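Next comes the sequence, and after it the predicted model I'd like to discuss.
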Amino acid sequence: MNYYAYFVAVGIMLLGVAGIAMSRNLVHAVVCLSVAQSGTYVLLIAVGFQYGGVAPIFGGQVGRTTAVVDPVVQALALTDIVVSAAVTSMLLALVIQIAKRHQAIDPDRLGRLEG
């Protein structure tokens, strides 16, 4: 088996998490979260990939023994993309509101928000 795609997915996720941990800017942290979420796309597609697999449209060309790719993980990847776009847009809107109210996007300058 070829595990290259799994290593790439983990690498992308770790790169995003490291960026979040080292971020000194809220916009940078949101972008790094988006990068970490992109690793999940690669992971989902790697799980559903099959060598020699064809589209799972059963008809005259595809028989019972023909290898097909799993359509569920493809649907999950598309759902993950939509959720990632929604989360990113909401977090960026939150960063804009924080910048308007506190004139700072550096987490260290927002210490007065702590309970």
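The structure has been received and is ready for your questions. Just so it is clear, the structure is predicted and the values come from calculations on it, not from any experiment.

Helices of this structure, start to end?
Assigned by DSSP state H, the helices in the chain fall at 4-22, 26-48, 71-102.

Nearest approach to residue 56 belongs to which of those helices?
Residue 56 sits nearest to helix 71-102 of all the helices of the chain, at 5.1 Å, using Cβ to Cβ. Glycine gets a C-beta too; all of them are placed from N, C-alpha and C.

ok, and for the closest one, which residues are buried?
Within helix 71-102, the residues that count as buried by 16 or more other Cβ atoms under 10 Å are 73-74, 76-77, 80, 84, 91, 95, 98.

Check the average confidence over that helix, would you?
Mean pLDDT, computed over helix 71-102, is 92.

now it, how far from the chain's geometric center?
Remark: helix 71-102 is offset 10 Å from the chain centroid, using Cα atoms, centre = their mean, to the nearest Å.

Compute the inter-axis angle for that helix and helix 26-48.
180 degrees (axes from the mean of the first three to the mean of the last three Cα atoms, to 10 degrees).

Find me the pLDDT at residue 51, would you?
The model reports residue 51 with a pLDDT of 83.

residues near it, how many?
Residue 51 has 8 neighbours, counted by other Cβ atoms under 10 Å.

now swap in residue 36 and tell me
Neighbour tally, residue 36, other Cβ under 10 Å: 19.

now swap in residue 32 and tell me
Neighbourhood size, residue 32 [other Cβ under 10 Å]: 20.

Next one, pLDDT for it please.
96.

got a list of what it touches?
Residues near residue 32 by Cβ atoms under 8 Å, 6 or more residues apart in numbering: 16-20, 23.

what's the spacing between residue 78 and residue 71?
According to Cβ to Cβ, to the nearest Å, residue 78 stands 10 Å off from residue 71.

just residue 30 next, same as before
31 Å.

pLDDT value on residue 1, please?
On the pLDDT scale, residue 1 gets 58.

on that earlier part again, give me the ChimeraX select line for the contacts of residue 32, limited to the buried ones.
Of those, the buried ones go into a single ChimeraX selection, burial set by 16+ other Cβ under 10 Å:
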select :16,19,20,23
